[in-house]
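Peer 1: Give me a model of this one.
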Amino acid sequence: ESLSADKNNLVITVGDITTKMFNEKSLGQNLSVVDFKVAREKKFADIKELGFVGKESVFNADNPAGFITSGLFKILSEIFKKNIEETVLQINGEEDLAVLPLVLLASLGSLIFYGQPNQGMVKVVVSEEAKDKAHELINRFEMQY
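Peer 2: Numbers count the residues shown, from 1 in each chain. The predicted model follows:
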């Protein structure tokens with residue numbers, strides 16, 4: 001059973017543990033953003049260790065810890081232009097801030113799940129309010145080009 005009632009509403013996971021849990025439960029997320037690290041320590045070698053079977057479309061982006069690069073935005077907007085199914089974005093660096101561009105780019109009603117260390121899983125429903133908040137937060141970051 002799909003988590004998303006509407007075809008335009010995507011289900012997105014950010015983080016290796018969250019993604020692995022979704023795969024183990026076969027929840028069928030559209031897009032997963034991973035960096036093979038847990039709490040900044042390298043824990044996984046490849047996407048198969050996260051439960052992917054190898055038929056996914058895989059994209060790569062460089063994104064240093066604590067930054068949101070223009071490259072990350074660019075690759076995400078390219079991904080969102082496609083029909084996203086079983087897509088993995090592998091980040092070389094850190095995926096910790098990827099939730100912000102995801103909120104800005106995903107269609108309203110999409111669901112984004114990510115792990116919060118020592119607190120469990122957070123679910124963000126993409127709404128106008130969430131987009132405004134993400135925009136505000138992104139404006140505080142220094143852009144890396």
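Peer 1: Strands of the chain, start to end?
Peer 2: 11-14, 31-34, 37-38, 41-42, 57-63, 87-93, 111-116, 120-125 (DSSP state E).
Peer 1: Of these, flag the one that's most buried.
Peer 2: Most buried of these by mean neighbour count (mean count of other Cβ atoms under 10 Å) is strand 31-34; its value is a mean of 28. Using the backbone N, CA and C atoms, a C-beta is placed for each residue, glycine as well.
Peer 1: Describe which strands that strand pairs with in its sheet and in which direction.
Peer 2: Strand 31-34 pairs in its sheet with strand 11-14 (parallel), strand 87-93 (parallel), by DSSP bridges.
Peer 1: circling back to that earlier point, out of the strands of the chain, flag the one nearest residue 78.
Peer 2: For the strands of the chain, proximity to residue 78 was assessed by Cβ to Cβ; strand 57-63 is nearest, at 7.7 Å.
Peer 1: tell me how far that closest one is from the chain's mean position?
Peer 2: Put simply, strand 57-63 sits 11 Å off its chain's centre (Cα atoms, centre = their mean, to the nearest Å).
Peer 1: what about residue 36, how many neighbours?
Peer 2: By the measure other Cβ atoms under 10 Å, the count of residues near residue 36 is 18.
Peer 1: The closest residue to it other than its chain neighbours: neighbour count?
Peer 2: Nearest non-adjacent residue to residue 36, counting by Cβ to Cβ, 6 or more residues apart in numbering: residue 44, 4.3 Å away. Counted with other Cβ under 10 Å, the neighbours of residue 44 add up to 17.
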